[in-house]
Each structure stands twice: as C-alpha cells, then as structure tokens.
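[1] After the sequence you'll find the predicted model.
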Amino acid sequence: MKTNQPAKRSLQRPLKTLDRVLSKAGAGSRTEARSWIGAGRVAVNGKVIQTPDHWVDFARDKVTLDGAPLRKASQVYLLLYKPKGYLTTYKDPEGRPTVYTLLEGAPHVVPVGRLDLDTSGLLILTNDTQFAERIMNPDYKVAKTYLVKASGVLSDEQLESLRNGVELSDGMTRPATVKRVRDRDKSTFLELTITEGRNRQVRRMLEAVGSRVRKLVRTAIGNIGIGDLEIGKWRELTKVEVQRLGGTVSRPPPEPPRVASASPARPDRRRSSKPRA
C-alpha cells in the first residue's frame with residue numbers, strides 16, 4: 001500500500017504538509033486550508049488532493065488553489081495594541097471577540113505568543129515563522145516589559161524576590177528587572193521585565209510573593225514600545241524595528257561558564273511553549 005510519506009529528498013529539502021504549505025504561503029489559516037483541501041479546491045502538480053497531511057516540497061511541487069498558482073507571501077510584521085477582553089486566537093467557539101476582529105484589511109498573520117483575555121498591550125503578528133520562533137524561544141532572552149497594578153503595597157523584600165526569581169509550579173523563574181513606579185490606594189504599580197514566556201507568568205509571579213495582579217499591560221517587546229499607537233489599532237513594524245529585533249535575537253547568546261559553588265546551583269528550567277502573560 002502506497003502512502004504519501006517524506007522521501008529521502010527531505011534530507012536536502014524541507015517537506016511540509018499541504019495545509020501548512022497553504023498557511024505558510026499566507027493564503028489563510030490552517031483551519032481554512034483544511035476546509036479548502038477537503039472541498040477539492042487544492043491541487044498538487046495538477047492532481048486534486050483532499051488530504052491535508054499530504055507531503056509537499058514547495059520548492060519543486062506546483063500547488064494551486066482554485067486553479068491559481070500558490071506563491072509564497074511576502075513577509076509581514078504587524079504590531080497590535082491588544083485591548084482587554086480579546087482572545088489571542090483565530091476563532092473562539094464561544095463567539096468571544098478575538099484579535100483578528102481588529103485586523104481588518106491586514107494580510108494573514110499569526111500571533112507571536114499570546115496575551116490572555118484580561119491582559120492588554122503589545123502583540124506582534126507575522127507570517128515569518130523563523131522570526132516568530134526567535135521572539136518566543138526563551139533561549140534568545142527577548143525582553144517583555146509589563147506595567148503591573150498589584151494588590152497591596154508591596155515591600156522592598158517582595159520586589160527583591162521578584163528580581164531574584166520565585167518558585168512556580170514549573171520551576172524557578174529567571175531574574176527579572178523590577179521598578180516600583182508608585183504606590184496608591186492600597187496598590188503598587190510596577191514595571192516588570194522578564195525574558196521568559198510561561199503561561200500566565202507575571203500573574204503567577206505576583207501570587208508567589210503574596211499579591212495579585214489587578215491590571216496588566218505589556219508595554220514593550222524587546223526595544224519596541226507602545227509609543228503613540230492607540231489601543232485596538234495596529235501598524236506595520238518598520239524595517240528598522242524588524243532589524244532591531246532580529247539583530248537582538250539573531251543567535252542565542254553563549255551560556256556563561258559554570259562556576260563551582262558551595263551552595264547548590266539554582267536550576268534553569270526553560271520552556272519553549274507559546275508565551276502568555
């Protein structure tokens with residue numbers, strides 16, 4: 001029985017499934033691509049393929065959608081100021097608003113990481129998967145900066161704990177940069193910068209020192225800040241901004257040499273999942 005499996009040429013050329021090829025080319029989401037494939041609208045080398053997992057070498061195979069050749073999309077980099085109450089996903093089964101409802105007129109892109117429903121702030125979206133991986137991968141240590149309104153007036157000791165790293169259910173956090181902005185109405189406003197992206201990390205860090213997040217806004221990714229971008233609006237990143245992020249994260253920095261210590265070394269547990277605040 002013949003099956004469409006990656007051949008030996010995959011050692012020289014990367015193969016991708018048909019639905020992923022359509023998505024990477026910017027035609028639409030993988031969910032849309034699977035629908036088109038199932039409807040018989042997609043052909044590979046002149047033959048209609050209705051299996052989304054069909055392997056394709058985009059450099060050699062001719063893929064068409066509704067008879068039109070599929071071409072690789074130009075790279076797009078967008079910056080969105082996400083409001084609170086929007087999901088970072090393409091479609092929600094419960095019908096809640098998603099960030100895609102704010103991207104009218106934009107090319108097809110996917111979020112680089114996530115911000116949860118109750119978090120607002122900067123979100124990068126792109127169709128450049130290598131660029132997205134560099135931003136998300138904690139090995140590259142791309143900084144994400146947040147303005148946090150925390151419950152209670154936090155002590156200097158609590159802030160120092162956040163700086164040094166706190167123990168979460170999935171291990172110690174990396175050291176963070178923490179600045180007290182002001183104390184007001186039984187709350188502390190902080191600027192917190194981390195280089196990880198664990199699930200709901202900032203909220204969990206505050207809970208670990210006996211506080212809770214009342215409001216959370218991501219104000220910067222790397223050296224790209226909100227500036228004058230209005231909430232709910234998006235713009236394209238400039239070439240200089242893309243180069244700044246790319247230059248900052250073009251390669252993982254070398255690990256510092258290990259130095260013997262009398263005390264046990266703190267484990268550096270890293271996660272490569274999609275970041276959420």
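    Arrived safely, thanks for sending.
[2] Tell me where the model's unsure across the stretch 1-150 of the chain.
    Confidence mapping of the stretch 1-150 of the chain against pLDDT under 70 gives the ranges 1-14.
[3] try 50 this time
    1-2, 7-11 (pLDDT under 50).
[4] what's the answer for the stretch 151-277 of the chain, then?
    Using pLDDT under 50, the stretch 151-277 of the chain drops low at 247-275.
[5] which residues in it form helices?
    156-164, 201-208, 239-248 (DSSP state H, counting those that start in this stretch).
[6] for those helices, which one ends up most surrounded?
    helix 201-208 (a mean of 21; mean count of other Cβ atoms under 10 Å). All C-beta atoms are positioned from the backbone trio N, CA, C, and that covers glycine.
[7] Residues contacting it, please?
    By Cβ atoms under 8 Å, 6 or more residues apart in numbering, the residues outside helix 201-208 that reach it are 146, 148, 150, 161-162, 166-169, 173, 176, 192, 194, 198, 212-213, 216, 275-277.
[8] Show me the domain layout of this structure.
    12-69, 77-248 (automatic domain parsing).
[9] So residue 73, which state does it fall into?
    The assignment at residue 73 comes out as coil when based on DSSP: H, G, I helix; E, B strand; the rest coil.
[10] Would you mind listing the residues in contact with it?
    25, 26, 27, 107, 108, 127.
[11] Can you list phi and psi of the first one for me?
    Main-chain torsions, residue 25, degrees, to the nearest 10: phi -80, psi -10.
[12] Next, count neighbours for it.
    18 (other Cβ atoms under 10 Å).
[13] What residues does it make contact with?
    58, 63, 70, 71, 72, 73.
[14] Most widely separated two among those?
    63 and 73 (13.0 Å; Cβ to Cβ).
[15] that older thread, out of the contacts of residue 25, which end up buried?
    The neighbour count (16 or more other Cβ atoms under 10 Å) marks 58, 63, 70, 73 as buried among those.
[16] Out of the residues you listed, list just those in strands.
    residue 63 (DSSP state E).
[17] CSV for the buried ones among the contacts of residue 25, including distance to residue 242?
    Conversion of those to CSV gives the following (distance: Cβ to Cβ, whole Å):
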residue, distance to residue 242
58, 23
63, 27
70, 25
73, 16
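[18] ok, the buried ones among the contacts of residue 25 vs residue 80, which is closest?
    Out of these, the member with the shortest distance to residue 80 (by Cβ to Cβ) is residue 73, at 18.5 Å.
[19] out of everything not next to it in sequence, what's closest to that closest one?
    Leaving aside its sequence neighbours, residue 73 sits nearest to residue 26 (Cβ to Cβ, 6 or more residues apart in numbering; 2.8 Å).
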